[in-house]
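Asks: sharing a model prediction with you, sequence too.
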Amino acid sequence: MHIPYAPAFAAQRPERSVEVCLNNGLTQVLAWDRHTDQRRFRTTAPNGVTAYDIEPDGRHFWWFDANPAGIGIWRRQPFRSPATAPETPPAALTGLPPGRQHGIAFDASGRRVAVGIGTDTETRCYVGRPGGPGHLVAAAVGYATVIGLTADGETIALAGRADGDTAISVIRLSDGRLDVVAGSDRRRIWALEFRPDDQSHPQLLVIVETPEHYRVGTWQRDRGIALAAALSYDTEVTAHWYGTDGQVLIQHDHAGRSRLLLADLTKGEVAAINTPPGTILDLTCAPGGEVHYVWTRESVPPQHRVTEPAAATRGAARPAGPAQLTGNAQRSELWTPQPYGRIHSFLATPPGAGPWPTLFLVHGGPYLHDRDAYDPRVELLVRAGYAVVRTNYRGSTGYGPRWQRGFGHRVGLTQLDDLASVRRHLLHRGIAEPGRVGLCGYSWGGYLVLLAMGVAPADWSVGLAVAPIADYPAAYRGTTAALREVDDELFGGGPDDVPQRYRAASPMTYLDQVRGPLFIAAAGDDDRCPPGQVRRYVAALRRRRVPHQLHWMSGGHLGDATSQTHAFDELLRYAGQALRPDRTRVATADGRPYQPTSQGGR
């Protein structure tokens, strides 16, 4: 499923912006000139575009040209260049090695740019004039990302692991001075962006997480971190500088829904911005003061909306187009009480009364959460006759620090406990049909599917796993530096440091208990969940004669758009054989019976 991004605006020419949208199944850069209201695709990247930006004067935009495994270089292209240009656009900075995209930032003039390029072992920060040679100015072991360049182009900020010794690294280019801010497991720190109008005393916007709260503040050289007393929240927030008066735009996510706030760091004043109930997937602040954001809810596909915070309390945000309701699912929420808290789930069921054959659509991450947001897979599964459950197990964001991190190092097993509790709750409520409850997950969600089919085989009638972790130690060694750091935090180290924890969390450990049936889809160029460990797992299933199907996808992690569609079609067919939904009970919104189609998918 493609999640649209909000536009990136040229600071000096805000009428010019770029964004990425689907074009012939791939995400490509769409240039928007608001003076003429002309929108045109400007790239034909063979593997699509996910990272992009526009220079402050609006004359050129940048896009990251990566292979399916995520390795590539930045390219620079004129704003008005045709998408059908015969030559590949040149490198945006010359002399840089191919690597992974780890951030980009321009100064106010556009004469200096900083980019982060990741290798298997380190992140390198290069600085240069757009179109000219890049100069290496810093290297950090492991994963880090360039998050800011001051307006005068003299100071760079890099964000490292939030609980690590180098949560923030700030480098002054004129003399090489390095300032480092350390985080800890009780004080995680995220650097966000430099204040755009303060050159004499660079001010970096930060979020600080404690065991109970998330707080918004700033960091300054020789002054350290100052937190705003009024800006403390019990669940996750992110923030952006807004305008030139020191105001901050805050997005607060709680229990699967978003809200926007406008805060004054100095005065401590906070005003709510009028946005509709649902989820904000992405947002940007245009130089003129408008906030462009991508909004959705369960029954409404993502759409671009615009609001002006100065007038937000007086009127509703205006949509880019009318909301298009879709599907005919019955939607509700379920809170499952447990001694450690309440587990929140979003439910979608076919019309009428249950019980229903039920599929848990398990989110990945694990530091993500299911939301009041449109997911075409839910629509297709409900139309096929299933009740669909999306559970925010422990480890999910959106429910506070303790819910996200307060389960020790029982990786995977804790999440399975939560899924099992919700399963029992659904059976008790007469929503799920006994003996016809399965699991479906992508990426880390696919990992939980494989783990559950070995740890609790009697609970789950079918497992459907796309791009999963099948052998955790092997996946750790073959994945990206960024994901190794996630695993280091989850487990308290790598497989060589805490081998027993990885063994307890690995689906390979429980192979002898797996009964199946299992559907597994994997991509040959997956850099996050490497294909080799999936092959070994499936070979072990074959030796044990466990009923299963293996489906290979083309492209990188989760496959390209076409292979995603094919994989979902196969997944749906396999689930139907295992759970046998009664499609005669399902009707579309206009009363006609559901007709299978191959046009669905992510």
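Replies: Sure, I can see it.

Asks: now do the end-to-end distance for stretch 366-379.
Replies: Its first and final residues considered, stretch 366-379 spans 23 Å by CA to CA, to the nearest Å.

Asks: quick one: residues in contact with the longest helix seen in the chain.
Replies: What stands out as the longest helix in the chain, according to DSSP state H, is helix 561-579. Residues outside helix 561-579 that contact it (CB atoms under 8 Å, 6 or more residues apart in numbering): 2, 22, 25-26, 357, 359, 377, 380-381, 384, 386, 436, 438, 440, 461-462, 464, 466, 517, 519, 521, 523, 549, 551, 553-555, 558-559, 598-602. For the C-beta atoms, the positions are set from N, CA and C on the backbone; glycine is no exception.

Asks: restricted to buried residues, select those in PyMOL.
Replies: Of these, the buried ones go into a single PyMOL selection, burial set by 16 or more other CB atoms under 10 Å:
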select buried, resi 2+26+357+359+377+380+381+384+386+436+438+440+461+462+464+466+517+519+521+523+549+551+553+555+558+559+600+601+602
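
Asks: out of the contacts of helix 561-579, which are inside strands?
Replies: Counting by DSSP state E, the contacts of helix 561-579 place 22, 26, 357, 359, 436, 438, 440, 464, 466, 519, 521, 523, 549, 551, 553 in strands.

Asks: from residue 492, how far out is residue 522?
Replies: Using CB to CB, to the nearest Å, one gets 28 Å for the distance from residue 522 to residue 492.

Asks: neighbour count for these two, which is higher?
Replies: residue 522 (28 against 14; other CB atoms under 10 Å).

Asks: my guess is that one contacts residue 531. True?
Replies: Yes: between residue 522 and residue 531 there is a contact under CB atoms under 8 Å: 5.3 Å.

Asks: which elements pack onto the helix or strand hosting residue 103?
Replies: With elements taken from DSSP states H and E, the one containing residue 103 is strand 100-106. Here strand 100-106 touches strand 60-66, strand 72-78, strand 113-118, strand 145-149, going by 3 or more CB pairs under 8 Å, 6 or more residues apart in numbering; DSSP states H and E.

Asks: which one of the ones in strands among the contacts of helix 561-579 sits closest to residue 38?
Replies: Residue 38 lies nearest to residue 22 out of the ones in strands among the contacts of helix 561-579, by CB to CB, at 18.9 Å.

Asks: partners of the closest one in the sheet?
Replies: Under DSSP bridges, the beta-bridge partners of residue 22 are residue 27.

Asks: so where's the protein uncertain?
Replies: Along the chain, the model assigns pLDDT under 70 to residues 1-3, 82-86, 199, 310-327, 583-602.

Asks: so for it, the centremost residue is which one?
Replies: By CA atoms, centre = their mean, the chain has its centre lying nearest to residue 368, at 7.0 Å.

Asks: still on that earlier bit, quick one: contacts of the strand holding residue 103?
Replies: 11, 50-51, 53, 55-56, 62, 64, 66, 70-72, 74, 112-119, 123, 143-149, 156, 158, 480-481.

Asks: check the offset of that strand from the chain's centre.
Replies: Offset of strand 100-106 from its chain centre (CA atoms, centre = their mean, to the nearest Å): 17 Å.

Asks: neighbouring strands for that strand, and are they parallel or not?
Replies: strand 113-118 (antiparallel).

Asks: and the next helix or strand past the partner strand?
Replies: Following strand 113-118 in sequence order, the next helix or strand is strand 122-128 (DSSP H and E).

Asks: surely residue 250 meets residue 260?
Replies: Yes: using CB under 8 Å, residue 250 is in contact with residue 260, at 7.1 Å.

Asks: overlap in contacts, the two.
Replies: The contact sets of residue 250 and residue 260 do not overlap (CB under 8 Å, 6+ apart).

Asks: next, residue 475: secondary structure please.
Replies: With DSSP: H, G, I helix; E, B strand; the rest coil as the basis, residue 475 sits in helix.

Asks: run a quick neighbour tally on it.
Replies: Using other CB under 10 Å, residue 475 has 25 other residues around it.

Asks: make sure it is actually in contact with residue 486.
Replies: No: counting by CB under 8 Å, residue 486 is not a contact partner of residue 475; they are 11.5 Å apart.

Asks: and the nearest residue to residue 16 once chain neighbours are set aside, helix, strand or coil?
Replies: Of all residues beyond its chain neighbours, the one nearest residue 16 is residue 58 (3.7 Å), with distances taken as CB to CB, 6 or more residues apart in numbering. For residue 58, the assignment made with three-state DSSP gives coil.

Asks: contacts only, for residue 58.
Replies: Contact analysis of residue 58 by CB under 8 Å, 6+ apart lists 10, 12, 13, 15, 16, 79.

Asks: picking that back up, list the buried residues for the longest helix of the chain?
Replies: Within helix 561-579, the residues that qualify as buried are 561, 563-572, 574-576, 578-579, counting by 16+ other CB under 10 Å.

Asks: from residue 297, how far off is residue 303?
Replies: 10 Å.

Asks: looking at the two, which is more packed in?
Replies: The neighbour comparison of residue 303 against residue 297 (other CB under 10 Å) goes to residue 297, with 20 against 17.

Asks: so which strand or helix has residue 277?
Replies: Using DSSP H and E, no helix or strand contains residue 277.

Asks: thought it was touching residue 257?
Replies: Yes: contact criterion CB under 8 Å: residue 277 and residue 257 qualify, at 6.3 Å.

Asks: and for those two, which residues touch both?
Replies: When contacts are counted by CB under 8 Å, 6+ apart, residue 277 and residue 257 have residue 372 as shared neighbours.

Asks: okay, the two: which has more neighbours?
Replies: Neighbour count, other CB under 10 Å: between residue 277 and residue 257, residue 257 has more, with 16 against 10.

Asks: check contacts around that one.
Replies: Applying CB under 8 Å, 6+ apart, the residues near residue 257 are 277, 278, 279, 371, 372.

Asks: residue 237 contacts residue 207, correct?
Replies: Yes: with contact defined as CB under 8 Å, residue 237 counts as touching residue 207 (6.4 Å).

Asks: overlap in contacts, those two.
Replies: Common neighbours of residue 237 and residue 207, counting by CB under 8 Å, 6+ apart, are 214, 216.

Asks: give the contact list for residue 451.
Replies: Residue 451 makes contacts with 412, 413, 416, 505, 506, 507, 510, as judged by CB under 8 Å, 6+ apart.

Asks: among these, which pair sits farthest apart?
Replies: For these, the farthest-apart pair by CB to CB is 416 and 506; their separation is 13.1 Å.

Asks: which one's more surrounded, these two?
Replies: Comparing residue 416 with residue 506 by other CB under 10 Å, the one with more neighbours is residue 506, at 27 against 19.

Asks: from residue 382, how far off is that one?
Replies: According to CB to CB, residue 506 and residue 382 sit 33 Å apart.

Asks: do residue 289 as well
Replies: Applying CB to CB, the value for residue 289 to residue 382 is 41 Å.

Asks: same question for residue 76.
Replies: 45 Å.

Asks: count of neighbours near residue 435?
Replies: Residue 435: 9 surrounding residues under other CB under 10 Å.

Asks: that older thread, more crowded one of residue 289 and residue 382?
Replies: Using other CB under 10 Å, the more surrounded residue of residue 289 and residue 382 is residue 382, with 25 against 13.

Asks: pretty sure the more buried one is touching residue 351, no?
Replies: No: here residue 382 lies out of contact with residue 351, judged by CB under 8 Å, at a distance of 9.2 Å.

Asks: on that earlier part again, which of the helices and strands packed on strand 100-106 sits most buried?
Replies: Most buried of the helices and strands packed on strand 100-106, by mean neighbour count (mean count of other CB atoms under 10 Å): strand 113-118, with a mean of 26.
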